[in-house]
Structures are given as structure tokens and as C-alpha cells.
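Peer 1: Attaching a predicted model along with its sequence, questions to come.
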Amino acid sequence: MGLGLALLWVIEILDLFTGGALDRLGVSPRDVSDLPNILTAPLIHFGFGHLIANTVPFFVLGVVVLLGGLRRWLISTGSSVVGSGLLAWLISPPGSVTAGASGLIFGWLVYLLARGIFSKDARQILLSLVIFALWGGVLWGLLPGVPGVSWQAHLGGALGGLAAAWWLDSTSERRKRLSVQSWRRM
């Protein structure tokens, strides 16, 4: 996560030296040519204030998700990035550009909260409660209200995180059932 965070800072420094030229790698709504930018938008920030606001939650939530394993981190990250970018692309106001890691951060947050609920594992539920106590207040960012903040990307990331938690739990439950059934046949 340290390398990922360093990458975000290096990109923002490069953006500063290019006069904000990298900002065009954000998502413009309903512009088909911008669909690939769904993958670059989380790496781009609109200035150091924007990046600073995302730095601590990016690192902390990313580390907590990564502690669950690289596969879970990759799936929850991919699902959150795609969900965030697609929803911003579909419903953001015309003429806007969406960028920043906050959609991914919302995805990781909701993934961690939902993982506890779906798994029914006491440790995961406890982790969900701790995460909610520390970061739950940011969930207000899923609602429209703050000008210049993409609630669309936040909501899309959160839906991506929810989908990842459901999918990862359902596949692990299926694997358990299949292995028990296979064992019984022997």
C-alpha cells in the first residue's frame, strides 16, 4: 500500500509540473472515448488538497483489505474502481470530470463493512464495527450535497465494494459446500 500511495503522490507531482494536463485522465460522463479513463481516474487528483484528503483512508483501508489476502484485495479493488467509474460515467452532470481515489476508498469501506455481515464470522463482524466506528461518518458522502464532490463515484465504489463482499463470501461458501459434498462421496 505504501507503493500505491507513493504512486498517487508521484502522479500528482507530475500533474503539477504539466500544469494539470493529467486531469484529462478523469471520467467525463457519457463520453465513450473516456470509458478507459475509468481505470486511470482513481490515480488522478485535482490538487494536493484532494490527494491529502484521500491519503490516510486510502492507506489504512487498503492495508486492512490487503490483510485479508491479495486475491480479496484485487477483487475488491477492481470491483470498486469499475463500479465507481461506471456510475460516474453514467450519471454525473454533463461537462463534469470525475477523478480521485475516493470512489475506491468508499468501495473498500463498504467491502469491509459488508464482509462482516455476509461472513457471519465474529471476528469479521467485530472488524466491521470498528471500521464503522472510525470511518462510518464518511458514508454521508454517498448522498448528493457537496458541490464538486462526486457522490456518483462514491456510490458506485460502494456498490462495487458490496458486490465484491457478496461475491467473495458466496464463492467461499460454495467452495465449502462443494468440498464437504466431495468428501462425503468418498
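Peer 2: Yep, it's here.

Peer 1: can you pull the contacts of the nearest residue to residue 39 once chain neighbours are set aside?
Peer 2: Computed as C-beta to C-beta, 6 or more residues apart in numbering, the closest residue to residue 39 that is not its neighbour in sequence is residue 81, at 6.6 Å. Using the backbone N, CA and C atoms, a C-beta is placed for each residue, glycine as well. Contact analysis of residue 81 by C-beta atoms under 8 Å, 6 or more residues apart in numbering lists 38, 39, 42, 103, 104, 107, 157, 160.

Peer 1: List only buried entries from those residues.
Peer 2: Buried subset of these (neighbour count, 16 or more other C-beta atoms under 10 Å): 38, 42, 103, 104, 107, 157, 160.

Peer 1: Could I have the CA atoms of the helix or strand hosting the third one written out in CSV?
Peer 2: Assessed by DSSP states H and E, residue 103 sits inside helix 102-119. Extracted as CSV, the C-alpha positions of helix 102-119 are listed here (Å, rounded to 0.1, in the frame of the first residue of the first chain):
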residue,chain,number,x,y,z
SER,A,102,-12.4,8.3,-3.0
GLY,A,103,-14.6,6.0,-5.1
LEU,A,104,-12.1,3.2,-4.4
ILE,A,105,-12.0,4.2,-0.7
PHE,A,106,-15.8,4.0,-0.4
GLY,A,107,-15.6,0.6,-2.1
TRP,A,108,-13.1,-0.7,0.4
LEU,A,109,-15.1,0.8,3.3
VAL,A,110,-18.3,-0.9,2.2
TYR,A,111,-16.5,-4.1,1.4
LEU,A,112,-15.1,-4.3,4.9
LEU,A,113,-18.5,-3.5,6.4
ALA,A,114,-20.4,-6.0,4.3
ARG,A,115,-17.8,-8.7,4.6
GLY,A,116,-18.6,-9.0,8.3
ILE,A,117,-22.3,-9.2,7.6
PHE,A,118,-22.0,-11.7,4.8
SER,A,119,-19.5,-14.0,6.5
